[in-house]
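*Asks:* the following comprises the amino acid sequence and a computationally predicted model.
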Amino acid sequence: MGRVMALAGSVLSCTLLLTVAHGLQLSSLHQQSVTPTQQISQASAVSSGQTGSQPSGSIFGTVLDQGGAVAVRAQVRLTRPDQPHAQQVSSGDNGQFVFGNLAPGSFQLTVTAPGFETKIFSGVLQSGKTFLVPEMVLKVTPAATTVQVGLTAEEVAQIQLKQQEKQRVLGIVPNSYVSYVPDAAPLTAKQKFQLAWRSVSDPVTMLGVGALAGIQQATSDYGGLGQEAGGYGKRFSSAYATLVTRSFISDAVLASLFKQDPRYFYQGTAATGSRLEHALSHAIMRKGDNGRWQPNYSGIIGSFANAGLSSLYYPESDRSGGLVVQNALVGIAGRAVGGIFQEFVLRKFTSHANSQAANQP
């Protein structure tokens, strides 16, 4: 009986051991079946995350000037059609630039540098690739070769004045008292005297005075000056002295004192009525050195002063107060008539008129 019980106990123990072992095996198999599932799930999650954002790429390039030297600190701007904000970098000491961590797609580069033309390049960046941009060669801005840097107002006025002195009607008669630049730099007192001297000392001006003296002699004007060569010489001297007095008193001395510009400023582009008004107003209005239009004090006072002085150049029999006033009014009216000719007639016959506005500093 005791042996039977012992045998039964052994069998029972073996059964329990087998049961436990089987349970452990099932547990192990269960764990092994779960773990790969979790790994696949995790891999799937990672894979799906990588699929949503493609591998990034970069853009690399070099900026040079047209001489082949590297362009340092040029501004390189990157724009993308799907991005509202642009990126910007500066080229380094070796002229190179780089944009990194970029999504694939089309792009545009805009390169700028002071004194150079803007350079634009477009391309398409492939996923995970580096786009090597062809050398970005910057050309010098054409205007940069003609811009005068650091000039004073006096220097600019001198350049413009030199151009005016080349202006001649039919390439012969000087026409330097007109500016085809509406915002020309104001003349200094020295430049006003320079313009007056160049005007009265021009050989063609001398010939004009000689012709006037010849007409006066032929018509026996100012008979007290006589005839023959002596009379012609006196008429020439009187006419030339009148011209010098008018030019220097009105357009140099008084223009400097009142700070007014003695030139006629061509308008040209407005309606005919506006241009006519502008031309006629030249008799009573002048542009100040401050750029504002004001009463023509220097011209009007100068006309009366010139009429009074010029009367001294002629015989006493030809002098009178009424003649002085008459000559002064004729001088004022002459500026109005001259303004009409300048505005509507003379430009088309004046050499270097177009180049004055085109070649400004």
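*Replies:* Structure's in. What do you need? Please read these numbers as outputs of a predicted model, since none were measured by experiment.
*Asks:* C-alpha from now on. contacts and neighbour counts both.
*Replies:* OK.
*Asks:* and the closest residue to residue 164 other than its chain neighbours, what pLDDT?
*Replies:* The shortest distance from residue 164 to any residue that is not its chain neighbour, by C-alpha to C-alpha, 6 or more residues apart in numbering, is 4.9 Å, and that residue is residue 176. Looking at residue 176, its pLDDT is 94.
*Asks:* my read: residue 176 touches residue 197, true?
*Replies:* No: with contacts counted by C-alpha atoms under 8 Å, residue 176 stays clear of residue 197, the gap being 11.3 Å.
*Asks:* contacting residues around the residue nearest to residue 164?
*Replies:* Counting by C-alpha atoms under 8 Å, 6 or more residues apart in numbering, residue 176 makes contact with 164-168, 195, 199.
*Asks:* show me where this protein has its helices.
*Replies:* Ranges of helices in the chain, per DSSP state H, are 2-52, 153-164, 189-201, 203-218, 228-248, 254-257, 272-280, 297-310, 321-344, 353-358.
*Asks:* what does the fourth one contact?
*Replies:* Applying C-alpha under 8 Å, 6+ apart, the set of residues contacting helix 203-218 from outside is 172-174, 199-200, 222, 227, 231-232, 235-236, 239-240.
*Asks:* next, the buried residues of that helix.
*Replies:* By neighbour count with 16 or more other C-alpha atoms under 10 Å, helix 203-218 contains the buried residues 205, 209-210, 212-214, 216-217.
*Asks:* do the same with the third one
*Replies:* For helix 189-201, the neighbour count (16+ other C-alpha under 10 Å) marks 189, 191-193, 195-196, 199-200 as buried.
*Asks:* tell me the bridge partners for residue 102.
*Replies:* In this structure, residue 102 has the following beta-bridge partners (DSSP bridges): residue 57.
*Asks:* hmm, residue 60 and it touching each other?
*Replies:* No: the criterion here is C-alpha under 8 Å, and residue 102 misses it with residue 60 at 11.5 Å.
*Asks:* those two: who's more crowded?
*Replies:* Comparing residue 102 with residue 60 by other C-alpha atoms under 10 Å, the one with more neighbours is residue 102, at 18 against 14.
*Asks:* what ranges of the stretch 201-350 of the chain fall below the confidence cut-off?
*Replies:* Regions of the stretch 201-350 of the chain meeting the criterion pLDDT under 70 cover residues 317, 321.
*Asks:* one more time with 90
*Replies:* Within the stretch 201-350 of the chain, the ranges that satisfy pLDDT under 90 run 216-217, 220-231, 234, 238, 242, 268-270, 307-328, 330-331.
*Asks:* the stretch 1-150 of the chain now?
*Replies:* Checking the stretch 1-150 of the chain against pLDDT under 90 turns up 1-55, 66-68, 82-85, 115, 140-150.
*Asks:* same thing but 70
*Replies:* By pLDDT under 70, the low-scoring segments of the stretch 1-150 of the chain are 1-53, 143-150.
*Asks:* identify the residues contacting the closest residue to residue 111 other than its chain neighbours.
*Replies:* Distances taken as C-alpha to C-alpha, 6+ apart put residue 76 closest to residue 111, at 4.5 Å, once the chain neighbours are dropped. Shown here is residue 76, whose contacts under the criterion C-alpha under 8 Å, 6+ apart are 88-91, 97, 109-112.
*Asks:* which among the residues you listed end up buried?
*Replies:* For those, a neighbour count by 16+ other C-alpha under 10 Å gives the buried set as 88, 90-91, 97, 109-112.
*Asks:* in strands, which of these appear?
*Replies:* Members of these lying in strands (criterion: DSSP state E): 88, 90, 97, 109-112.
*Asks:* same list (those residues) but as CSV, adding distance to residue 346.
*Replies:* Converted to CSV, these look like this (distance: C-alpha to C-alpha, whole Å):
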residue, distance to residue 346
88, 54
90, 54
97, 57
109, 51
110, 48
111, 47
112, 44
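*Asks:* wait, which of those residues is closest to residue 64?
*Replies:* Using C-alpha to C-alpha, residue 111 is the member of these that lies nearest residue 64, at 10.6 Å.
*Asks:* what sits against the closest one?
*Replies:* Under the criterion of C-alpha under 8 Å, 6+ apart, the contact partners of residue 111 comprise 74-77, 118-120, 136.
*Asks:* repeat for residue 353
*Replies:* Taking C-alpha under 8 Å, 6+ apart, we find residue 353 in contact with 167, 180, 347.
*Asks:* please redo it, this time with the cut-off set to 10 Å
*Replies:* 163-164, 166-169, 175-176, 178-181, 346-347 (C-alpha atoms under 10 Å, 6 or more residues apart in numbering).
*Asks:* tabulate the residues you listed (a markdown table), appending distance to residue 276.
*Replies:* As requested, the contacts of residue 353 are exported to a markdown table (distance: C-alpha to C-alpha, whole Å):
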| residue | distance to residue 276 |
| --- | --- |
| 163 | 26 |
| 164 | 23 |
| 166 | 26 |
| 167 | 22 |
| 168 | 23 |
| 169 | 21 |
| 175 | 20 |
| 176 | 21 |
| 178 | 16 |
| 179 | 17 |
| 180 | 16 |
| 181 | 18 |
| 346 | 14 |
| 347 | 15 |
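*Asks:* biggest separation within these, which pair?
*Replies:* Farthest-apart pair in these is 169 and 181; separation 17.5 Å (C-alpha to C-alpha).
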